[in-house]
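> Sequence plus the predicted model coming up.
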Protein chains: 2
Amino acid sequence: MTLKPHPNYTRGELVEVLRNHGINPTHQRIEIAYVLFSRCEHLSADQLLALVNDRNSETSKATVYNTLNLFLEKKLIREVIVDPSKVFYDPNTDVHHHFYDIDTGELTDIDAADIEVSGLPQLPEGVVTEGVDIIVRIRSEQAV
Amino acid sequence: MTLKPHPNYTRGELVEVLRNHGINPTHQRIEIAYVLFSRCEHLSADQLLALVNDRNSETSKATVYNTLNLFLEKKLIREVIVDPSKVFYDPNTDVHHHFYDIDTGELTDIDAADIEVSGLPQLPEGVVTEGVDIIVRIRSEQAV
DNA sequence: TAGCCGAATTAGACACAGTCCAAGTCTTGC
DNA sequence: GCAAGACTTGGACTGTGTCTAATTCGGCTA
């Protein structure tokens, strides 16, 4: 079972998914998973921290970072590196790419289904691809 | 005239290129341009700071950051955002892409000449592309 | 050559994302 | 209930990058 972001996960569903990914489902981890998967957005660690504490119990900064890194390691989420000042976390782990609006900082998914990249050179010997990220940087026309 | 990284720029050549890009060629800016363009590498701000001060006069951190941002703005260099903790600066402003080795942090150019991306969705209304970055994340096979 | 003025540079304080650590608190198995 | 391990926590810490106020530089005029 793969987790897809959508508005209303039950606690039970989240617990099951965490378990399936080899993650011990603690209160804080469930809270964080809930916030991540209940909204179809790309969140930064500090946004997440604010949202989690807004909704419920006190969760510390350290735990948020620990948990995000655990989720990353277990491939429950992806990180998106487009902004030099902070990392965004993406609950959608399907292969896909991003529009990044330079002016607003907004990040939008691009479905990878129709995209084809041709002409990539061969990889060096003994090296393996971890992933291909395509970032289309955009800006509002008048804002030049 | 476009600047291409290669080992031995003369001071005069650098001064000319800075002027052509609307940049007042001061000592520090020439030093920084020299270090950037004399090596075919992607450098971070702190690496650059070390190299500049190694070679010659004292240049402050603030000046290095100011100058890099000025060079960026004047399109003399590009920034490459692949590592969450720091930005790399790329003296090659031709359209091209990157291999990023997750294990070593090494960044390698991919010539864009042969690459074609098809199937990108249409841009939203009133929005304009600033650039398309493709990052192929790689790692050494045994290191998994 | 002296003197002026705007531009560039500087040191150091600061902001902020993210990590580390040692102490405390839950869980779980027995 | 208890012990052991796993998880969480606050707060100190690190490193990148920015800001600011003061100084210095460089080019211009006379």
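Sure thing, it's come through.
> Sketch out the low-pLDDT regions of chain A for me.
A:1-7, A:56-57, A:141-144 (pLDDT under 70).
> do you know how far the residue most central in space within it is from A:His21?
In chain A, the residue lying closest to the centroid (C-alpha atoms, centre = their mean) is A:Asp90, at 1.4 Å. A:Asp90 sits 16 Å away from A:His21, going by C-beta to C-beta, to the nearest Å. Every C-beta, even on glycine, is put in place using the N, C-alpha and C of the backbone.
> Regarding chain A, what is its longest strand?
Longest strand in chain A, counting residues (DSSP state E): strand A:127-140.
> what residues does chain A put near chain B?
A:79, A:81-84, A:87, A:99, A:101-102, A:110-111, A:113-121, A:123-124, A:126-142, A:144 (C-beta under 8 Å from any C-beta of the partner chain).
> Each with direction, which strands does the longest strand of chain A pair with?
The pairing partners recorded for strand A:127-140 under DSSP bridges are strand A:96-101 (parallel), strand B:127-140 (antiparallel).
> Distance from the chain centre to the last one, please.
Spelled out, that is strand B:127-140. 14 Å (C-alpha atoms, centre = their mean, to the nearest Å).
> Likewise for the shortest one?
Here strand A:96-101 is found 12 Å from its chain centre; the criterion is C-alpha atoms, centre = their mean.
> and for it, what are the contacting residues?
For strand A:96-101, the external contacting residues (C-beta atoms under 8 Å, 6 or more residues apart in numbering or on different chains) are A:80, A:82-83, A:106-112, A:115, A:133-140, B:123, B:127.
> Of the residues you listed, just the buried ones, ChimeraX syntax please.
Here is the ChimeraX selection string for the buried members of the contacts of strand A:96-101, based on 16 or more other C-beta atoms under 10 Å in any protein chain shown:
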select /A:80,82,107,110,115,133,134,135,136,137,138,139 /B:127
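> which among the contacts of strand A:96-101 are in contact with DNA strand C?
Residues of the contacts of strand A:96-101 in contact with DNA strand C (C-beta under 7 Å from any atom of the strand): none.
> Next, count neighbours for A:Pro25.
16 (other C-beta atoms under 10 Å in any protein chain shown).
> and it, what does it touch?
Contacts of A:Pro25 by C-beta under 8 Å, 6+ apart are A:14-15, A:18-19.
> now do 10 Å
A:11, A:14-19, A:33 (C-beta atoms under 10 Å, 6 or more residues apart in numbering or on different chains).
> Next: A:Arg137.
Here A:Arg137 is in contact with A:82, A:98-102, B:81, B:128-133 (criterion: C-beta under 10 Å, 6+ apart).
> ok, now which ones touch the residue nearest to it when sequence neighbours are not counted?
Distances taken as C-beta to C-beta, 6 or more residues apart in numbering or on different chains put B:Glu130 closest to A:Arg137, at 4.1 Å, once the chain neighbours are dropped. By C-beta under 10 Å, 6+ apart, B:Glu130 lies in contact with A:100-103, A:136-139, A:144.
> Among the residues you listed, which one sits closest to B:Tyr65?
Among those, A:Ile102 lies closest to B:Tyr65 (C-beta to C-beta), at 19.3 Å.
> Dump stretch A:100-120 to PDB, keeping only the CA atoms.
This file holds the C-alpha atoms of stretch A:100-120, laid out as PDB (Å, rounded to 0.1, in the frame of the first residue of the first chain):
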ATOM      1  CA  TYR A 100       8.900  26.400  -8.800                       C
ATOM      2  CA  ASP A 101       7.600  30.000  -8.800                       C
ATOM      3  CA  ILE A 102      10.600  32.100  -8.000                       C
ATOM      4  CA  ASP A 103       8.500  35.100  -7.000                       C
ATOM      5  CA  THR A 104       5.900  33.400  -4.700                       C
ATOM      6  CA  GLY A 105       7.900  30.400  -3.600                       C
ATOM      7  CA  GLU A 106       5.000  28.200  -4.700                       C
ATOM      8  CA  LEU A 107       5.800  24.600  -5.700                       C
ATOM      9  CA  THR A 108       3.500  22.600  -8.000                       C
ATOM     10  CA  ASP A 109       3.700  19.000  -9.100                       C
ATOM     11  CA  ILE A 110       4.200  18.000 -12.700                       C
ATOM     12  CA  ASP A 111       3.000  14.500 -13.400                       C
ATOM     13  CA  ALA A 112       5.900  12.400 -14.900                       C
ATOM     14  CA  ALA A 113       3.600  10.200 -16.900                       C
ATOM     15  CA  ASP A 114       3.900  12.200 -20.100                       C
ATOM     16  CA  ILE A 115       7.500  13.400 -19.700                       C
ATOM     17  CA  GLU A 116      10.300  11.800 -21.500                       C
ATOM     18  CA  VAL A 117      13.900  12.900 -21.300                       C
ATOM     19  CA  SER A 118      16.200  11.700 -24.100                       C
ATOM     20  CA  GLY A 119      19.900  12.100 -24.700                       C
ATOM     21  CA  LEU A 120      21.200  11.800 -21.200                       C
END
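> Alright, calling it a day.
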